[in-house]
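Chemist: Let me see the structure of the following:
(one chain, ligands or ions: 1)
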Amino acid sequence: MFEGLHAVPQDPILAMLASYREDTHPQKIDLGIGVYKNDQGDTPIMRAVQVAEARLLATETTKSYTAPAGSPVYNERVAKLVFGSDHPVLNDKRVVSAQTPGGCGALRMAAEFLRGCNEDSKVWVSTPTWANHMPLLGGAGLEICMYPYYDHDNKNIDFQAMLDALESAVAGDIVLLHGCCHNPSGADLNKEQWHAIADLMERKGLIPFVDMAYQGLGAGIDEDAYGLRMLAARFPEMVAATSCSKNFGLYRERTGTLFIVAATPEQAANAGSQLFSKIRSHYSMPPSHGAAIVETILGDTELSQTWLDELAVMRNRIQGLRQSLVAKIRDSAIDRDFSFIEQQFGMFSFLGITSAQVEALRSQHSIYMIDSSRMNVAGLNDECMDYFVSALGEVLRA
Ligand code: PMP
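Modeler: Have a look, this model is predicted:
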């Protein structure tokens with residue numbers, strides 16, 4: 001039965017990481033994989049996480065089963081982080097939350113839930129979007145439609161084209177929006193655009209679905225959640241998938257959350273029972289350790305402050321790198337405007353060079369990024385910046 005199988009092509013980002021590891025160039029730079037890196041190029045365990053882990057090790061008494069929804073205390077604390085502590089949907093008990101295996105688990109279970117609500121639902125996603133959105137959402141049976149989003153010529157959102165495309169969505173269709181730090185473009189909706197999209201979705205009876213994987217890494221915890229919180233205040237129903245992979249640095253611990261907002265507390269309870277039954281039939285219940293760490297941090301004022309301070313260092317480092325990259329390019333012989341990079345948010349931006357130029361950076365200068373020219377800005381540091389800018393200049397002149 002297995003003899004007819006052929007190998008699935010390796011994920012291009014993972015394949016690139018393998019070549020990067022084998023590369024012996026002393027100035028090699030990895031701008032590919034989407035993890036935060038510090039000045040030394042490391043992805044360290046955050047201090048608040050280490051303290052919480054030590055506390056858990058000393059106090060945990062059981063590894064017995066939890067529940068499909070995971071820890072209720074984690075769910076409550078993360079809900080306050082995401083929606084803000086006094087959001088009407090929380091006060092009105094219209095939100096059902098589930099701790100999930102990462103943001104991926106939240107996205108997939110959201111898709112399973114939505115498909116269970118209406119098997120004809122379509123989900124609209126941005127062009128481009130994070131590549132894994134397609135298998136995560138499409139794999140649950142949702143039909144995927146695309147709306148234009150990033151305009152590579154203008155290095156910005158083509159907002160009118162986005163609105164025009166969504167005019168052809170029909171009532172009950174779902175619209176996936178990146179809460180902040182759009183992956184792969186770094187181009188985020190501004191407040192007016194969030195409101196204009198909300199007006200359109202409201203008028204057409206569309207369901208908002210927010211994927212927020214980078215809360216706190218764009219402009220700040222509250223700023224990054226602006227769109228999500230505004231939609232939750234306006235819409236009777238929505239879903240949101242969030243992740244603690246980046247902002248708590250818990251990547252491999254698989255810690256995320258799915259929120260379903262329903263029109264009434266009764267409907268939320270029913271939605272929860274549907275969701276938990278889906279979870280039971282997929283992975284039964286989420287892994288516990290990462291969520292226990294987050295729960296510990298968010299339940300302790302001092303630890304929360306330590307975490308927020310560390311997160312601010314990460315956010316400011318990324319913004320600082322964006323600014324110094326643009327400044328160094330401006331001061332170099334490169335005669336091209338890259339100022340869009342400092343207007344964008346989060347770890348990613350498209351450099352906007354051709355795939356041949358990406359290949360030249362890789363083969364001639366050992367600088368690695370994916371073919372679309374999406375770069376992880378956090379992979380840069382003060383030491384390698386000059387090398388990067390001079391290599392970029394060379395491939396642009398070639
Ligand atoms: N959504 C987006 C847009 C992402 O970039 C990511 C991580 N790369 C995720 C969701 C989920 O990440 P994880 O499952 O690791 O929490």
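Chemist: Moving C-terminal from the longest helix seen in the chain, which element do we reach first?
Modeler: Secondary structure of the chain read by DSSP state H shows that its longest helix is helix 301-331. Next helix or strand after helix 301-331 toward the C-terminus (DSSP states H and E): helix 340-343.
Chemist: avg pLDDT for that next one?
Modeler: Regarding helix 340-343, the rounded mean pLDDT is 98.
Chemist: just stretch 236-252 next, same as before
Modeler: Across stretch 236-252, the average pLDDT comes to 98.
Chemist: quick one: buried residues of it?
Modeler: Buried positions in stretch 236-252, judged by neighbour count with 16 or more other CB atoms under 10 Å: 237-251. For glycine as for every other residue, the C-beta is placed from the backbone atoms N, C-alpha and C.
Chemist: Kindly report the same for stretch 271-283.
Modeler: Ala271, Gly272, Leu275, Phe276, Lys278, Ile279.
Chemist: so what's Ile367 up against?
Modeler: Lys28, Ile29, Leu31, Leu361, Phe388, Ala391 (CB atoms under 8 Å, 6 or more residues apart in numbering).
Chemist: Please repeat the previous calculation with a cut-off of 10 Å.
Modeler: 20, 23, 25, 27-32, 358, 360-361, 375, 379-380, 384, 387-388, 391-392, 395 (CB atoms under 10 Å, 6 or more residues apart in numbering).
Chemist: what does Ala106 give?
Modeler: With contacts defined as CB under 10 Å, 6+ apart, Ala106 is in contact with 97-100, 136, 211-213, 239-243, 255-259, 286.
Chemist: re the thing from before, which of the contacts of Ile367 are buried?
Modeler: If you count burial by 16+ other CB under 10 Å, the buried members of the contacts of Ile367 come out as 20, 28-32, 358, 360-361, 375, 379-380, 384, 387-388, 391-392, 395.
Chemist: Now intersect these with the helices, please.
Modeler: With helices defined by DSSP H, the entries of these inside them are Tyr20, Val358, Ala360, Leu361, Cys384, Tyr387, Phe388, Ala391, Leu392, Val395.
Chemist: picking that back up, so which of the contacts of Ala106 are also by the ligand?
Modeler: Taking CB under 6 Å from any ligand atom, the overlap between the contacts of Ala106 and the neighbourhood of the ligand is Asp211, Ala213, Ser243, Gly256.
Chemist: which residues does the residue nearest to the second one when sequence neighbours are not counted form a beta bridge with?
Modeler: Distances taken as CB to CB, 6 or more residues apart in numbering put Ser243 closest to Ala213, at 4.2 Å, once the chain neighbours are dropped. Ser243 has the following beta-bridge partners by DSSP bridges: Gly256.
Chemist: Now do the contacts for Ser243.
Modeler: Remark: with contacts taken as CB under 10 Å, 6+ apart, Ser243 is in contact with 100, 102-107, 211-215, 250-251, 254-257.
Chemist: can you do 7 Å?
Modeler: With contact set as CB atoms under 7 Å, 6 or more residues apart in numbering, Ser243 has these partners: Gly102, Gly103, Ala213, Gly256.
Chemist: what helix or strand does the second one sit in?
Modeler: Secondary-structure element containing Gly103, defined by DSSP H and E: helix 102-117.
Chemist: Return the helix or strand just after that helix as CSV; C-alpha atoms alone will do.
Modeler: Elements were assigned by DSSP H and E; along the chain past helix 102-117, the next helix or strand is strand 122-127. Written as CSV, here are the backbone C-alpha positions of strand 122-127 (Å, rounded to 0.1, in the frame of the first residue of the first chain):
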residue,chain,number,x,y,z
LYS,A,122,-15.5,30.2,1.7
VAL,A,123,-12.5,31.8,3.4
TRP,A,124,-10.9,34.8,1.8
VAL,A,125,-7.2,35.2,2.4
SER,A,126,-4.7,37.9,1.3
THR,A,127,-2.4,37.8,-1.7
